[in-house]
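[1] Return atomic coordinates for the entry below.
(chains A and B, ligands or ions: 2)
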Amino acid sequence: MSAAVNRLDGGEVSAETAPPVYLPSQLDQLERYRQWATTPLKVDPVLSVVIPAYNETQRILPTIGAVVSHVCSLEPSWELIISDDGSSDGTRRIVRELGLVNLKVIETPTNTGKGGAVRRGVQAARGEFILFADADQATPIEQLELLLGPVKTGEADIAVGSRRAGGADVRGRSLGRRILSDGLRRLVKLGFGLSHGDTQCGFKLFSRDAAERLFAVQRIDGFSFDLELLYIASRLGLRVVDVPVRWFDSPGSTVNGGRDTLLFLVDLGRIRLNEALGRYRDPGHCRRNREGT
Amino acid sequence: MHLEIQSERNGSGGSVVVAGRFDAHESEPVLTSLTALLADGVLTIGLDLSRVDFIDSTGLAVLTRVMKRARESGGDLVLVAPSTPVRVILELTALDKAFVVSEVGPDIAVGH
Ligand SMILES: Nc1nc2c(ncn2[C@@H]2O[C@H](COP(=O)(O)OP(=O)(O)OP(=O)(O)O)[C@@H](O)[C@H]2O)c(=O)[nH]1
Ligand SMILES: [Mg+2]
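    Ligands and ions are numbered 1, 2, ... in the order given. Down below sits the predicted model:
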């Protein structure tokens, strides 16, 4: 039995008798976090992390905790954007009350769907690189570096987390969900010529330029916005890289298999229609055309 | 496995080490091993969180429940050397004030 274990016997340890003694590396990490939490950035950040949130009072605080402790140790110049999607459960309030100075809360009066929340968040972001990530830490934030690498080096404009690319590790996904996503993937490949293993993963990173061009024309507010983004990206000739990620299905998921599959199919049709109506033309391209005439 | 759990009893104290992702999928086994110690007459448990990389609200609920139960019988659930993310999560949820956090604790090695 060790001395350390002895100290715990009989409940003698209390907050007063045991002041925190941190490991040096941890002290450094905590110090970076406290600095970030209290000192507003003076220039535009290198990185923006956008988290869409709809009725997330249960999941958002642990996720923010994991994200801030990790990202602060990686890149001091960054901002966190929580894009609240018309939540009715007080999500906005609990996030604002944290009082973290480089955390911005974006609000909207009514619920629009994940696509709308991501778009508003990304359009408010000032970073050179912009990541969006789900509120449930389904893709642990430690994998940010995997996506940031290829975009930072200029090898890609967009890096998408993929639960299908070789090396991805998916835990806790039900058989039903897997069959469903397999079917949808085949359809996407046939209908759109997109061969991404996984279009829907809530973990995608963009260069600032790619984000501006994509979100200027992207219009789907629901869950199929991911597919729309990738489709527009291929139309604009942006380079997309699939990055295998570890993924944990969370029991709090709000996705409803039957209803959401139907909505997804309707959205596939809408993407086709928008395309036919010329709505996905590069805004830069339109401007140049107009200037020319 | 997402989470590894090791538990050990030392007289009236117990020590438990968990490592990995402490989320809704894992809260049940942690609850089971902690309550088993309490049921066995252990008063104070040191729970080593130094290698936990994420704890969600279900994990936090387990900690709170076990802490309350331990205090009812005159003991406690002491959080030992939490990792940086766990510390920050405890702070943001204001649970850092509810728990006793200690830097020293059980020295059980968790195998891989
Ligand atoms: N369900 C839902 N989520 C929204 C909405 N607006 C924003 N979100 C956010 O979008 C993210 C995705 O939500 P999840 O419920 O985890 O759905 P998912 O990740 O697609 O599904 P899983 O793979 O089962 O986890 C979360 O961060 C939500 O808070 C909305 O209107 N509905
Ligand atoms: Mg999710």
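
[2] would you list every one of the strands in chain B?
    In chain B, the strands defined using DSSP state E lie at B:3-10, B:13-22, B:44-55, B:76-80, B:100-102.

[3] centre of the chain versus the longest one, how much separation?
    Which is strand B:44-55. Strand B:44-55 has its C-alpha centroid displaced from the chain centroid by 5 Å (C-alpha atoms, centre = their mean, to the nearest Å).

[4] Now do that strand, average pLDDT.
    Here strand B:44-55 scores 96 as its mean pLDDT.

[5] Equivalent analysis for stretch B:4-16, please.
    86.

[6] what do you get for stretch A:243-258?
    Regarding stretch A:243-258, the rounded mean pLDDT is 76.

[7] any chance of the strands of chain B in TSV, plus distance to A:Ser73?
    Every C-beta, even on glycine, is put in place using the N, C-alpha and C of the backbone. Listed next are these as TSV, based on distance: least, C-beta to C-beta, whole Å:
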stretch	distance to A:Ser73
strand B:3-10	22
strand B:13-22	18
strand B:44-55	12
strand B:76-80	21
strand B:100-102	20
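
[8] Could you work out which of those reaches nearest to A:Ile106?
    Evaluated over the strands of chain B, closeness to A:Ile106 peaks at strand B:44-55, with 24.5 Å, by C-beta to C-beta.

[9] would you list the strands of chain B in CSV and tack on mean neighbour count and distance to chain A?
    Output for these, formatted as CSV (neighbours: other C-beta atoms under 10 Å in any protein chain shown; distance: least, C-beta to the nearest C-beta, whole Å):
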stretch, mean neighbour count, distance to chain A
strand B:3-10, 17, 5
strand B:13-22, 24, 4
strand B:44-55, 25, 4
strand B:76-80, 25, 5
strand B:100-102, 22, 5
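
[10] low-scoring pLDDT stretches of the stretch 101-250 of chain A, where are they?
    The model of the stretch 101-250 of chain A has pLDDT under 70 over residues A:165-173.

[11] For chain A, what's the nearest residue on chain B?
    B:Ile89 (3.3 Å; C-beta to the nearest C-beta).

[12] Model confidence for that residue, exactly?
    98.

[13] That one against A:Ala66, yeah?
    Yes - using C-beta atoms under 8 Å, B:Ile89 is in contact with A:Ala66, at 6.8 Å.

[14] Looking at those two, which is more packed in?
    B:Ile89 (28 against 24; other C-beta atoms under 10 Å in any protein chain shown).

[15] For the more buried one, which non-adjacent residue is closest in space?
    A:Gly65 (3.3 Å; C-beta to C-beta, 6 or more residues apart in numbering or on different chains).

[16] Run a quick neighbour tally on the one you found.
    So A:Gly65, with other C-beta under 10 Å, has 26 neighbours.

[17] quick one on the thing from earlier: which residues do B:Ile89 and A:Ala66 both contact?
    Counting by C-beta atoms under 8 Å, 6 or more residues apart in numbering or on different chains, the residues touching both B:Ile89 and A:Ala66 are B:Phe54.

[18] Could you export stretch B:22-35 as CSV, CA atoms only?
    The C-alpha trace of stretch B:22-35 is given here as CSV (Å, rounded to 0.1, in the frame of the first residue of the first chain):
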residue,chain,number,x,y,z
PHE,B,22,-15.6,8.8,-19.8
ASP,B,23,-18.9,9.2,-21.7
ALA,B,24,-22.4,7.8,-21.6
HIS,B,25,-21.2,4.5,-23.0
GLU,B,26,-18.8,4.1,-20.0
SER,B,27,-20.6,5.6,-17.1
GLU,B,28,-22.4,2.4,-16.2
PRO,B,29,-19.2,0.3,-15.5
VAL,B,30,-17.6,3.2,-13.6
LEU,B,31,-20.7,3.6,-11.5
THR,B,32,-20.8,-0.2,-10.8
SER,B,33,-17.2,-0.4,-9.7
LEU,B,34,-17.4,2.7,-7.5
THR,B,35,-20.6,1.7,-5.8
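
[19] can you list contacts of it?
    Under C-beta under 8 Å, 6+ apart, the answer for stretch B:22-35 is A:137, A:171-172, A:248, A:250-252, B:2-3, B:5, B:7, B:16, B:18, B:20, B:45, B:47, B:49, B:52, B:54-56, B:58-59, B:61-62, B:65-66, B:69, B:77.

[20] one step back: in three-state terms, label the residue nearest to B:Ile89 for me.
    helix (DSSP: H, G, I helix; E, B strand; the rest coil).

[21] Do I have it right that it meets B:Ser83?
    No - A:Gly65 is not in contact with B:Ser83 according to C-beta under 8 Å; the separation is 10.8 Å.

[22] picking up where we left off before, please list all residues in contact with the residue nearest to B:Ile89.
    Counted by C-beta under 8 Å, 6+ apart, A:Gly65 has contacts B:Pro85, B:Val88, B:Ile89, B:Leu90, B:Glu91, B:Leu92, B:Thr93.

[23] try it again with 6 Å
    B:Val88, B:Ile89, B:Leu92 (C-beta atoms under 6 Å, 6 or more residues apart in numbering or on different chains).
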